[in-house]
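Enquirer: coordinates only, no sequence provided:
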Ligand code: ATP
């Protein structure tokens, strides 16, 4: 018997699970850590790769109106003048006169330091871009910036992509990559850090079709999170007020997720109009017009930008998947991760370390590893091994027992239902393939043969 334990997941549980099981560690931990920088461990790197892969698949591979790009992190400094980052990428900050912590003044309810209650200074502007120097001489002429967003790399390559791919409007360019912001208020684990990864789309459209495409991408992006397991009631769309709108945006919505600390931005979707291409054209002196063969007109396309964070998505998928339930008097912690996102797809568990069993189990392990990330675990009781896999979100365990040596069958155990089926080893790969693709547990392709399903004992 299992029953739901009513829990609203708190951040400490997620941080502790991530630390304990090797999803995420504080950066440079042996030196005491580096404030708001994080390292993804063996499981975290798999989860993050799977999220990026699911995004890339949805927005590039499965579409014929999108292509990818991987621009460099360091860009010509003029980029940031044209984009408005050098002037406008600032936050009004206040500093506590007592403890010297800095805060974003627009986050504060009154004029007291949220940490110690001390008096705060007047707001001051502070540029969020990290500065560095290119070449051996540290002088102003050699200043370059670590990009604070991946978007600009796409804008400056617009003409290159049009010329080399012969893409016609409407079409988009997608990019995944690191971005850096010297954020003032960091925290909430990987929600806001100084080095993070973005998944950005710049979708170029005819100006008069901007509203239609804006609405299209809002829906498309919201559905992507739901498809990969986030509960719809934990997502909301929030429109930016006039005061909030960035200098480049005509309209903007955030996709917010109900994080443990409350509703916060997961992804921003903006109608940037022709701001970016006009700015870069005038700053570089190169035309970034588009020639429409149908109407024989030159014009500057409008841009719809769905801009998502890899780290915030990772946190949202983890929080939404986290669950605790009572199973036979014990709390079972599990991550209901979508199979496409789960770091490990299958665990191979021999019931004992006897040579004959190990031989079969190792053969299965080697075989399945050709297809997926698979783990092998022969330590401690089978119950404990199942719990270890539940806690990291492994959708299926394959158990090899003494009977397997005689009937050449193994047991597949399902993470969410704890149901088990017994099937021939020869059918294992096909069955797992079907189940990982979301087909019902007990139906095998192609013949639709049904295997007996039993409760875990
Ligand atoms: P916020 O208001 O929370 O600082 P933002 O509006 O500045 O975010 P955008 O510039 O719209 O963020 O960036 C697009 C996406 O990049 C965000 O929705 C978020 O997922 C991610 N992102 C931005 N800043 C950070 C950060 N410091 N740490 C982690 N992810 C970030």
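Expert: Received, thanks. Predicted model, so just to flag it, every value in this text is computed and none were measured. Residues are numbered from 1 along each chain as shown.

Enquirer: how many other residues sit next to residue 136?
Expert: Residue 136: 6 surrounding residues under other Cβ atoms under 10 Å. C-betas here are computed from N, CA, C, even on glycine.

Enquirer: just to check, residue 222 is in contact with residue 237?
Expert: Yes: at 6.8 Å, residue 222 counts as touching residue 237 under the criterion of Cβ atoms under 8 Å.

Enquirer: between these two, what contacts are shared?
Expert: residue 255 (Cβ atoms under 8 Å, 6 or more residues apart in numbering).

Enquirer: with neighbour numbers in mind, choose between these two.
Expert: Comparing residue 222 with residue 237 by other Cβ under 10 Å, the one with more neighbours is residue 222, at 20 against 13.

Enquirer: for the chain, just list every one of the helices.
Expert: 11-21, 42-56, 78-83, 85-88, 151-155, 158-165, 210-227, 275-284, 310-321, 355-368, 382-392, 402-407, 428-436 (DSSP state H).

Enquirer: ok, and does the longest one reach over to the ligand?
Expert: No: shown here: helix 210-227 not in contact with the ligand (Cβ under 6 Å from any ligand atom), separated by at least 10.8 Å.

Enquirer: so which elements touch that helix?
Expert: For helix 210-227, the elements it packs on are strand 195-205, strand 235-239, strand 251-259, strand 262-273, strand 302-309, judged by 3 or more Cβ pairs under 8 Å, 6 or more residues apart in numbering; DSSP states H and E.

Enquirer: need the contact partners of stretch 64-76.
Expert: By Cβ under 8 Å, 6+ apart, stretch 64-76 touches 56, 59-60, 132, 134, 144-147, 150, 152-154, 156-157, 161, 165, 167, 170-178, 180, 201, 203.

Enquirer: show me the contacts for the one residue in the chain that gets nearest to the ligand.
Expert: Using Cβ to the nearest ligand atom, residue 309 is the residue of the chain that sits closest to the ligand, at 2.2 Å. Residues near residue 309 by Cβ under 8 Å, 6+ apart: 196-199, 266-267.

Enquirer: filter the residues you listed down to just the buried residues.
Expert: Buried subset of those (neighbour count, 16 or more other Cβ atoms under 10 Å): 196-199, 266-267.

Enquirer: just put those residues in CSV and tack on distance to the ligand and pLDDT.
Expert: Output for those, formatted as CSV (distance: Cβ to the nearest ligand atom, whole Å; pLDDT from 0 to 100):
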residue, distance to the ligand, pLDDT
196, 4, 97
197, 8, 98
198, 5, 98
199, 9, 98
266, 6, 98
267, 5, 98
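
Enquirer: coming back round to it: the helices of the chain: lowest mean pLDDT?
Expert: In terms of average pLDDT, helix 85-88 trails the rest of those, at a mean of 81.

Enquirer: is that one in proximity to the ligand?
Expert: No: remark: helix 85-88 sits outside contact range of the ligand, by Cβ under 6 Å from any ligand atom, the gap being at least 10.6 Å.

Enquirer: stretch 41-61 too?
Expert: No: counting by Cβ under 6 Å from any ligand atom, the ligand has no neighbours in stretch 41-61; the shortest distance is 11.9 Å.

Enquirer: which positions in this structure make contact with the ligand?
Expert: Residues of the chain lying near the ligand (Cβ under 6 Å from any ligand atom): 149, 181, 183, 192-193, 196, 198, 265-268, 307-309, 311-312.

Enquirer: picking up where we left off before, winner for burial among the helices and strands packed on helix 210-227?
Expert: strand 302-309 (a mean of 24; mean count of other Cβ atoms under 10 Å).

Enquirer: just to revisit the earlier point, looking at the contacts of residue 309, which is nearest residue 380?
Expert: Relative to residue 380, the closest of those is residue 197; by Cβ to Cβ it sits at 35.8 Å.

Enquirer: the closest one and residue 177 touch, don't they?
Expert: Yes: between residue 197 and residue 177 a contact is recorded at 6.6 Å, counting by Cβ under 8 Å.

Enquirer: overlap of the contact sets of those two?
Expert: Any residue near both residue 197 and residue 177 by Cβ under 8 Å, 6+ apart counts here, and not one turns up.

Enquirer: just send the buried ones among the contacts of residue 309 back as TSV, with distance to residue 128 too.
Expert: Output for the buried ones among the contacts of residue 309, formatted as TSV (distance: Cβ to Cβ, whole Å):
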residue	distance to residue 128
196	12
197	17
198	14
199	20
266	20
267	19
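
Enquirer: specify the beta-bridge partners of the residue of the chain closest to the ligand.
Expert: Per DSSP bridges, the residues bridged to residue 309 are residue 198.

Enquirer: next: residue 253.
Expert: The partner residues for residue 253, given DSSP bridges, come to residue 239, residue 269.

Enquirer: the one 5 residues further on now?
Expert: Beta bridges link residue 258 to residue 263 when assigned by DSSP bridges.

Enquirer: ok, now which ones touch it?
Expert: Contacts of residue 258 by Cβ under 8 Å, 6+ apart are 233-236.

Enquirer: output these as TSV; include the columns pLDDT.
Expert: Converted to TSV, the contacts of residue 258 look like this (pLDDT from 0 to 100):
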residue	pLDDT
233	96
234	97
235	97
236	97
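
Enquirer: quick one: residues contacting residue 283.
Expert: Counted by Cβ under 8 Å, 6+ apart, residue 283 has contacts 78, 81-82.

Enquirer: just residue 209 next, same as before
Expert: Residue 209 neighbours (Cβ under 8 Å, 6+ apart): 170, 302.

Enquirer: now do it against residue 302, distance only.
Expert: 8 Å (Cβ to Cβ, to the nearest Å).

Enquirer: likewise for residue 63?
Expert: Taking Cβ to Cβ, one finds residue 63 at 19 Å from residue 302.

Enquirer: go on, residue 420?
Expert: Distance from residue 420 to residue 302, by Cβ to Cβ: 55 Å.

Enquirer: quick one: contacts of stretch 394-402?
Expert: Contacts of stretch 394-402 (Cβ under 8 Å, 6+ apart): 337, 339, 342-352, 357, 360-361, 364, 368, 375, 382, 385-386, 389, 410-416, 420, 428, 432, 435-436.

Enquirer: can you list the buried residues in it?
Expert: 394-401.

Enquirer: roughly how far out does that stretch sit from the chain middle?
Expert: Relative to its parent chain, stretch 394-402 has a centroid offset of 29 Å by Cα atoms, centre = their mean, to the nearest Å.

Enquirer: same question for stretch 221-228.
Expert: 12 Å.

Enquirer: how about it: buried residues?
Expert: 221-222, 224-225, 228.

Enquirer: what lies in contact with it?
Expert: Taking Cβ under 8 Å, 6+ apart as the rule, stretch 221-228 contacts 51, 54-55, 58, 232, 235, 237, 255, 257, 266-267, 269, 306, 308, 313, 316-317, 338, 340-341.

Enquirer: again, but for stretch 317-332
Expert: Counting by Cβ under 8 Å, 6+ apart, 1-5, 7, 9, 13-14, 17-18, 23, 47, 51, 228-231, 234, 257, 259-260, 333-338, 341, 387, 390, 393, 418 sit against stretch 317-332.
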